[in-house]
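no FASTA, just this:
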């Protein structure tokens, strides 16, 4: 899970991709599952993370 979330963080920091595409690329069944684990582990949503660290 930690590796999949790290991969998601890297993708969120790059060119804008839909969260659904990032979830699929990282092995999550849906964007909702990615959002759940992202918030549980990192304390923020993928969108907020992208707003802060995105390129």
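Noted; the coordinates are in hand. Only a predicted model underlies this, so the values are computations on that prediction, with no experimental measurement involved.

Can you tell me the number of residues neighbouring residue 28?
Number of residues near residue 28 (other CB atoms under 10 Å) recorded here: 22. Yep, even glycine has a C-beta here, placed from its N, CA and C like the rest.

Against residue 47, how distant is the spatially most central residue of the chain?
With distances taken as CA atoms, centre = their mean, residue 8 lies nearest the centre of the chain, 4.0 Å away. Residue 8 sits 12 Å away from residue 47 when distances are taken as CB to CB, to the nearest Å.

cool, residue 53 as well?
11 Å.

before we move on, the earlier item: what helix or strand is the residue nearest to the centre of the chain located in?
helix 2-13 (DSSP states H and E).

How about residues contacting the helix or strand following that helix?
Next helix or strand after helix 2-13 toward the C-terminus (DSSP H and E): helix 19-25. If you take CB atoms under 8 Å, 6 or more residues apart in numbering as the criterion, helix 19-25 is touched by 7-8, 11-12, 17, 29-31, 33-35, 46-47.

Can I have the buried ones of the residues you listed as a ChimeraX selection?
Buried residues within these, by 16 or more other CB atoms under 10 Å, are selected in ChimeraX with:
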select :8,11,12,31,34,35,46
